[in-house]
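quick one, what's the 3D model for this:
(2 chains)
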Amino acid sequence: MPVDQSSSEPPPIAAPIVTRNLTRRFDGVVAVDRVTLTVEPGELFGLIGSNGAGKSTLIKMLTTLLPPSEGTALVAGYDVAKAPAEVRRHIGYVPQLLSADGALTGHENMLLSARLYGIPSREREAKIEEALAALELTGEAHRLVRHYSGGMIRRLEIAQSMLHRPAVMFLDEPTVGLDPIARKAVWDHVRMLRDKTDTTILITTHYMEEAEELCNRVALMSRGRIAVVGTPVELKSALGPNATMDDVFAHHTGAEIEVEGALGEARRTRLGVRHHG
Amino acid sequence: MTRIAEFCEQVVAVAAAELAKLRHDPLELFSRAVQPVLWLLLFGEVMAQVRGIAEPGTNYLDFLAPGILAQSMLFVAIFYGIAAIWERDLGILQRYLVSPAPRVAIVIGKALASTVRSLSQAVVVYAVAAIMGSALSYNPWHLAGVLALIAIGSALFSTFSLAIACIVKTRERFMGIGQILTMPIFFASNAIYPIALMPHWLQLVSHFNPLTYEVDALRALMLRDSLPVIGFATDFAVLIAITVALVAATARMISRMGA
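Numbers count the residues shown, from 1 in each chain, chains lettered A, B, ... in the order given. Sure, this is the predicted structure:
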């Protein structure tokens, strides 16, 4: 319910993400099927599903990259279809691909974001420095990103997308293709983001461990639909005392997750290596 | 910041990122400078021996230099879309598209970067033409006019290229189309021979070709004591109108690159 679309302040609305029957079709194939979801302020919300479940399509609609075929979505209080420019002002997005520009230095990538997001020039350097320090990239700021490791690029992207203090942050498969140490580092920084800012975070993943480590609540997604929503503890205890998140996933979606996941992951990792190495 | 100042900042941000890449890897500029030099030295020297191309009493190399400048600008700009497709495949373009920068600011920023690339070629063409003894004009107003023409022409063709990229979306398809377009744009223009030499039907076609207007004005401004065949007012009006229309259309289409 955008009250005043010309104002850059978010209107007072309780939930940072509200979708109703959000649907996206591609040439007759339904990628996201009537998703109705509410994410509460300050939550770190996980969207879990195998590749092809519709997670990225859902995120693309919420970040205004893709118009919905049907249904509505409010992000930071603004309708993604009617006020996409206002939505963009209030969100941060870390896409699935390692997408920081490899031909620029870390600092230049940050400067680009700062300017695109209208951060006034006198505050720019201080904010860039602060964000780089928070993500432990200060020493690497003036190296070309193509020489960064995957984990460093991810951290840089998180730094870029938090620069303008977004109300809602979207992280699409943030640890795909990272080694275990880099993955843990990204987790630490996502947790820091949750604890030290009031940003609401939506993260997609197909790693159950990641969902359990990070998320307050998770939604399991399968074939474009939300199968179940709840806290990891709730979902597990509903199945039995020794149930794991993998059991929960299998129970609600009737599918194993890692098999499908591994294929897509290998492909994307290769893509990332080719582009940056 | 007011919205206008913010808009300008966003345009500059997009262009500055492109320029930073050039600064890190200037080899691209040098390699791109080779082509116009070869055209002037090889093609120009040979064709200068052919009677009848240039008007009596004029030097063909003088005639050719502005045409080659326009050509090198065209060749840089027309493959600009492929860089956009590349950026889309990497996810870089999507980051621009989720930012609050208006689509039109992104399109203008990209066009501006193309202009800067072409300016480096202008320096090379001027240098080679000067060494070869062309009757170049160094009147500051003329030089400013040449700058403006390169800016408009680069913006026009790079935005045209970006529009095609938004439609075809893959590098393979783009390469094919890029090749198909460059040849007729170049040869159905006054870049390397006067329109008067063309058969009647081609003369008609050349009047629908923006490069004709670009070269007409460029030639008059680059050379001493030279006047446009079509006229400055028409040349600039046509070029600016097409550029504005293309920028507006591409700003609407670039959203397609997000998905």
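
can I get the CA coordinates of the one helix or strand A:E234 maps to in CSV?
Element membership for A:E234 (DSSP states H and E) is helix A:232-239. Provided in CSV are the C-alpha atoms of helix A:232-239 (Å, rounded to 0.1, in the frame of the first residue of the first chain):
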residue,chain,number,x,y,z
PRO,A,232,13.7,-25.2,11.4
VAL,A,233,13.0,-26.5,15.0
GLU,A,234,9.2,-26.6,14.4
LEU,A,235,9.5,-28.3,11.1
LYS,A,236,11.8,-31.0,12.4
SER,A,237,10.0,-31.7,15.7
ALA,A,238,6.7,-32.1,13.8
LEU,A,239,8.2,-35.1,12.1
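
any idea how far it is from the middle of the chain?
Remark: helix A:232-239 is offset 24 Å from the chain centroid, using CA atoms, centre = their mean, to the nearest Å.

packing partners for that helix?
Counting by 3 or more CB pairs under 8 Å, 6 or more residues apart in numbering or on different chains; DSSP states H and E, the packing neighbours recorded for helix A:232-239 are strand A:217-222, helix A:245-253. Heads up, the C-betas are built off the backbone N, CA and C, glycines and all.

contacts for it?
Contact with helix A:232-239 is made by A:211-212, A:215, A:218, A:220, A:228, A:230, A:243-245, A:247-248, A:251, as judged by CB atoms under 8 Å, 6 or more residues apart in numbering or on different chains.

residues from the stretch 101-250 of chain B in reach of chain A?
B:A101, B:P102 (CB under 8 Å from any CB of the partner chain).

neighbours of the closest residue to chain A within the stretch 101-250 of chain B, just the number please.
Using CB to the nearest CB, the closest approach of the stretch 101-250 of chain B to chain A is made by B:A101 at 4.8 Å. By other CB atoms under 10 Å in any protein chain shown, 24 other residues sit near B:A101.

OK, contacts around the residue lying closest to it once chain neighbours are set aside?
Excluding its sequence neighbours, the residue lying closest to B:A101 (CB to CB, 6 or more residues apart in numbering or on different chains) is B:Q10, at 4.0 Å. With contact taken as CB under 8 Å, 6+ apart, B:Q10 is in contact with A:R115, A:L116, A:G118, B:S99, B:A101, B:P102, B:A105, B:I106, B:G109.

would you list the phi and psi of B:Q10?
The phi/psi pair for B:Q10 (degrees, to the nearest 10) reads phi -70, psi -40.

quick one: it and A:A100, what's the gap?
Going from B:Q10 to A:A100 by CB to CB, to the nearest Å gives 18 Å.

same question for A:I119.
Using CB to CB, A:I119 is found at 18 Å from A:A100.

mind checking which of those two has more residues around it?
A:A100 (29 against 21).

tell me how many other residues surround the residue of the stretch 151-259 of chain B found nearest chain A.
Here the stretch 151-259 of chain B gets closest to chain A at one residue, B:G258, 3.6 Å apart by CB to the nearest CB. Residues near B:G258, counting by other CB under 10 Å, number 17.

which ones are touching the nearest residue to it once chain neighbours are set aside?
Spatial nearest neighbour of B:G258, chain neighbours left out: A:L65 (3.6 Å); criterion: CB to CB, 6+ apart. Counting by CB under 8 Å, 6+ apart, A:L65 touches B:Q94, B:L97, B:V98, B:G258, B:A259.

pull the most distant pair out of those residues.
Greatest spatial distance in the contacts of A:L65: B:V98 and B:A259, 12.0 Å, computed using CB to CB.

these two - which one has more neighbours?
B:V98 (22 against 16).

was I right about the more buried one contacting A:M61?
No. B:V98 is beyond contact range of A:M61, at 11.9 Å (criterion: CB atoms under 8 Å).

what about B:R51, how many residues nearby?
If you count neighbours by other CB under 10 Å, B:R51 ends up with 8.

for B:N59, see how far away it is.
On the measure of CB to CB, B:R51 and B:N59 end up 12 Å apart.

which parts of the chain are helices?
Going with chain A. Secondary structure of chain A by DSSP state H: the helices cover A:55-62, A:84-89, A:106-116, A:121-134, A:150-162, A:180-196, A:208-214, A:232-239, A:245-253, A:258-276.

that answer is for a different chain, and I need it for chain B
Ranges of helices in chain B, per DSSP H, are B:3-24, B:27-38, B:45-47, B:60-78, B:80-90, B:92-97, B:103-131, B:140-168, B:171-187, B:200-206, B:210-222, B:232-253.
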